[in-house]
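# Next come a sequence and a model predicted from it.
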Amino acid sequence: MGVAVSSWQLARAVSQRGQLGVVSGTALDLVLTRRLQQGDIGGHIAEALAHFPIKEMADRIWKKYFVPGGKEEDAAFKSKSVHSTKPSRELNELMVVANFVEVWLAKRGHSGIVGINLLEKIQLPTLPSLFGAILAGVDVVLMGAGIPRAIPGIIHKLAAGEAAEHKIDVMGGSASLTFDPNELGFSGPRPRPLFFGIVSSASLAHILAKKCTPGADGFVVEGPTAGGHNAPPRGPLTLNEAGEPIYGERDEVDFEKMRELELPFWIAGSYGTAEGLRDAIALGAQGIQVGTAFAYCNESGMRADLKAEVIRRSIAGEVSVFTDPLASPTGFPFKVVQMLGTVSDSSVVKDRKRICDLGYLRTAYQTEDGKVGYRCPSEPIEDYVRKGGDPADCEGRLCVCNALMATIGLAQVRNGVVEAPLITSGDDVVNIKRFVRPGETSYSADDVLNLLLADSLVPAETL
C-alpha cells in the first residue's frame, strides 16, 4: 500500500494474528534515510541494524544519515542517489540494508509470516531490494504492476547466494542489471521465499505459473476497485461522465480458469468484509487481500491527521475516490481520494513547481548515442520534451513519488515549501466507518481482523 503505509508496524500486527502481514517495498531506501534524519524515533532502526550481518555496512549508512534528535522541521531532507542502470556500491548497500530493516522489524518477536510487495514497474532497485528482504527472512514476495516473469528465477538465485540478472525495460533499446551478494561480502544460501504474482486476469496467472522457472507459488487477483494502481481496461480506453475508465465484461476474472491452475489465490478489491471473505472462498480462493481497511488503522504508516480526516469523512458519508486515468506517470489508472490540501486539489497542483528528484517512476529510454536516459511525464515539461517525450503525455500527471512520501510524514521541504500528500484507496474507503466503535474516532488492525474473521466458520489461516 503506497509507500510505507503498509509499514512494518502494520505488517507485524497482522502477522501476530496468524495472517500474512505485508510491508510495502517501494522506495524503502528513501524511507530509511528520512527516518534516520528524523532521529530514528523509537530507536527501531538502531535495533534492526544491530542485527544486520555486516556491521560496517550498517554503520556507514547510520553515520551518513542519522541526525541526533531529528532535523529541524523546516529543513530539507538530505538527498540520496537516484536509481539508474549503473548503481553505485553505496546505493546497493543502502537498498539491502533498508529492505532488511523493514522486514526484520515486521518479523520481530513473533513466529508469524511476513511478505514484501514490490512493483515490476519500478525495476531498477529490485535486485538489492529482494536480497535485503531475503536476508531478513521474508516469507513471501508479492509483485504486480506489470508481468514479473523473471522474478521467481531471480528469487531462487539470490536465496542460493548467487548472482542474479534482471533485464530492464528500455524504450528503443535494452539494458540489464546484475547483483552479486558475494561482491558485498555476503555468502551462503538462505531460505527461499514464496512468490505470489499480483494479476488482473487468469491468462496472466497462467503465464506466471506455466512459463516461468520456477513458476509462481500463488496469486493475488486484483479487481479495478482496489486501491493504488489498477490494470487498465482491456481494449480501447473509454471514460464515463466523471472521466474515469470504464471496465466491462472483458475485465472480469475467469475464476474457473484460476481454479484450474491448482495454485492458491487470494482476491482483492472490495472483498474486505466477513461476507467478502466467504464469497472469495466460495469462488475457490484461499482468502482475501485487504488494503483499504488497514490503510486507516492506528498501525498504518499514513499521517495521523490524514487518517483521522478520511475516517471522519467516511462516517459523515463525504469521502469519495476518483479513478484518475492520468495522475500516475506509469500510465496506469490510479485511485485518488479527493481532499483539499492534497494533490487531488487542483490549486495545489497549479501552485507546485514541477520537479523530478526521486525518480522511482521514470521511464528508461535509449538516447541517440546509444546510452540509457530517463524521463518522467511529471517532470518539468521542457525537460521531458528535450528528452524526446511528447508534451501531451504531461497533461494531468502528478508527482506521485514526492506526494506519497508526504503522505507518511516524510515530505521534502524546499525553500519553505512542503510537498503535499496524495491518498490512494480502493472504493471500499466509504465503508471504513464500520471498523470505528461507537464513541471513538479511530480503530486498530485488531478491529479490522475481528470483523473480517467474525464468522466462526471461516478458519483464520484463510486470510
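Arrived safely. Numbers count the residues shown, from 1 in each chain.

# ok, longest helix in this structure?
helix 89-107 (DSSP state H).

# For stretch 398-406, buried residues please.
Under the neighbour-count criterion of 16 or more other C-beta atoms under 10 Å, stretch 398-406 has Leu398, Cys399, Val400, Cys401, Asn402, Ala403, Leu404, Met405, Ala406 buried. For glycine as for every other residue, the C-beta is placed from the backbone atoms N, C-alpha and C.

# List just the nearest of these to Gly223.
Distance to Gly223 across the buried residues of stretch 398-406 (C-beta to C-beta) is lowest for Val400, with 21.4 Å.

# so the closest one touches Ala327, yeah?
Yes: with contact defined as C-beta atoms under 8 Å, Val400 counts as touching Ala327 (7.1 Å).

# returning to that earlier point: could you point out which element follows the longest helix of the chain?
strand 114-119 (DSSP states H and E).

# circling back to that earlier point, sort out for me which of the buried residues of stretch 398-406 are in helices.
Per DSSP H, the subset of the buried residues of stretch 398-406 in helices is Val400, Cys401, Asn402, Ala403, Leu404, Met405, Ala406.

# Please state the offset of the lowest-mean-pLDDT helix or strand in the chain from the chain centre?
Ranked by mean pLDDT, DSSP states H and E, the weakest helix or strand in the chain is helix 346-351, scoring a mean of 87. Put simply, helix 346-351 sits 25 Å off its chain's centre (C-alpha atoms, centre = their mean, to the nearest Å).

# How about residues contacting that helix?
Outside helix 346-351, the residues within contact range by C-beta atoms under 8 Å, 6 or more residues apart in numbering are Gly341, Thr342, Val343, Leu398, Ala420.

# That helix: which residues count as buried?
Buried-residue list, helix 346-351, by 16+ other C-beta under 10 Å: Val348, Val349.

# Show which residue of the protein lies farthest from the average position.
Asp369 (34.0 Å; C-alpha atoms, centre = their mean).

# Could you measure from it over to Glu379?
Using C-beta to C-beta, to the nearest Å, Asp369 is found at 21 Å from Glu379.

# picking that back up, of the ones in helices among the buried residues of stretch 398-406, closest to Arg312?
Nearest to Arg312 among these, with distances taken as C-beta to C-beta, is Ala406, at 19.8 Å.

# Could you tell me the end-to-end distance of stretch 338-351?
One end of stretch 338-351 sits 17 Å from the other (C-alpha to C-alpha, to the nearest Å).

# should've said stretch 321-339
One end of stretch 321-339 sits 9 Å from the other (C-alpha to C-alpha).

# ditto for stretch 336-352
Using C-alpha to C-alpha, the two ends of stretch 336-352 sit 18 Å apart.

# Now do that stretch: distance to the chain's middle.
Worked out by C-alpha atoms, centre = their mean, stretch 336-352 lies 21 Å from the chain centre.

# so what's the closest residue in space to Val3 that isn't next to it in sequence up against?
In this structure, Val3 finds its nearest non-sequential neighbour in Leu404, 4.2 Å apart by C-beta to C-beta, 6 or more residues apart in numbering. Contacts for Leu404 were tallied using C-beta under 8 Å, 6+ apart; they are Gly2, Val3, Thr26, Ala27, Pro421, Leu422, Thr424.

# Next one, pLDDT for Leu404 please.
You'll see Leu404 listed with a pLDDT of 95.

# and if you look at the one 3 residues further on?
Confidence at Thr407, expressed as pLDDT, is 96.

# how about stretch 120-140: buried residues?
120-136, 138-140.

# From the residues you listed, which land in helices?
Thr126, Leu127, Pro128, Ser129, Leu130, Phe131, Gly132, Ala133, Ile134, Leu135.
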